[in-house]
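In: Starting from these lines, generate the structure:
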Amino acid sequence: MKRLLPILAIGLLTLAGCANTAPYGGNVYRGNQAGAEQTVRFGTIQALRQVQIQADSRAGGIVGSGGGAVIGGLLGNQVGGGSGRTLATAAGAIVGSVAGSKIEESANRVTAWEMEIQRDDGMNVVVVQKADQAFEVGQRVRLIGSGTNVTVAPY
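Out: Sure thing, here's the model as predicted:
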């Protein structure tokens, strides 16, 4: 059973720590956008830069740090005996917590495009969305939506 605990903890950490990054793409609409009228503007891509979107964790980072602490504590508990074992367990929990938090953070990143677009009305805007489509400088695009709900699609 002792060997099964770390495997279960790693599995839980892997599954529960993942954020849903699908809404950041240009091909995915949120439920409240379906059937709603949206504004369409046209423009030309002036600049492209690859960036990262840091998605929010579903559990607020608790799964990564908590799961890491459990795994680190279990591994530390395998070392030494007496007060040495207690210190190793505590150190393992601390190191595991930090490592788990970093793992969860990196798992919740998605590659994205930062697109500077000159709209046909002359205004320049910047939209960041998941890099799930190919774009290039000079390409004509449609900006669909308004405010905080804008996606860029090829024209």
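In: for the lengthiest strand in the chain, which positions count as buried?
Out: The strand that spans the most residues within the chain, counting by DSSP state E, is strand 40-54. When neighbours are counted by 16 or more other C-beta atoms under 10 Å, the buried residues of strand 40-54 are found to be 41, 43, 45, 48, 53. C-betas here are computed from N, CA, C, even on glycine.
In: quick one: which of the residues you listed is nearest residue 124?
Out: Nearest to residue 124 among the buried residues of strand 40-54, counting by C-beta to C-beta, is residue 43 at 8.7 Å.
In: Residue 128 bridge partners, please.
Out: residue 114 (DSSP bridges).
In: What is the lowest-pLDDT residue among the buried residues of strand 40-54?
Out: Confidence by pLDDT is poorest for residue 53 among these, given 87.
In: Can you name the residues bridging to the closest residue in space to residue 39 that isn't next to it in sequence?
Out: What sits nearest to residue 39 in space, not counting adjacent residues and going by C-beta to C-beta, 6 or more residues apart in numbering, is residue 146, at 4.8 Å. When assigned by DSSP bridges, residue 146 has beta-bridge partners residue 149.
In: which residues in this protein form helices?
Out: Counting by DSSP state H, residue ranges of the helices within the chain are 4-16, 62-76, 82-107.
In: Quick one: low-confidence residue ranges for the chain.
Out: Within the chain, the stretches with pLDDT under 70 are 1-35, 56-69, 72-73, 76, 80, 92-93, 96-108.
In: Can I get stretch 40-60 in PDB, CA atoms only?
Out: In PDB, the C-alpha atoms belonging to stretch 40-60 read as follows (Å, rounded to 0.1, in the frame of the first residue of the first chain):
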ATOM      1  CA  VAL A  40     -17.700  41.900 -36.700                       C
ATOM      2  CA  ARG A  41     -14.900  44.300 -37.700                       C
ATOM      3  CA  PHE A  42     -12.200  43.800 -40.300                       C
ATOM      4  CA  GLY A  43      -8.500  44.600 -40.100                       C
ATOM      5  CA  THR A  44      -5.000  43.600 -41.100                       C
ATOM      6  CA  ILE A  45      -2.400  42.000 -38.800                       C
ATOM      7  CA  GLN A  46       0.500  44.500 -38.300                       C
ATOM      8  CA  ALA A  47       2.600  42.500 -35.800                       C
ATOM      9  CA  LEU A  48       2.600  39.000 -34.300                       C
ATOM     10  CA  ARG A  49       4.400  37.800 -31.200                       C
ATOM     11  CA  GLN A  50       4.200  34.400 -29.600                       C
ATOM     12  CA  VAL A  51       3.300  34.600 -25.900                       C
ATOM     13  CA  GLN A  52       2.000  32.400 -23.100                       C
ATOM     14  CA  ILE A  53      -1.400  32.500 -21.400                       C
ATOM     15  CA  GLN A  54      -1.300  31.400 -17.800                       C
ATOM     16  CA  ALA A  55      -4.600  29.700 -17.200                       C
ATOM     17  CA  ASP A  56      -6.200  29.800 -13.800                       C
ATOM     18  CA  SER A  57      -6.100  26.500 -11.900                       C
ATOM     19  CA  ARG A  58      -9.500  25.000 -11.200                       C
ATOM     20  CA  ALA A  59      -8.400  24.400  -7.600                       C
ATOM     21  CA  GLY A  60      -6.600  27.700  -7.100                       C
END
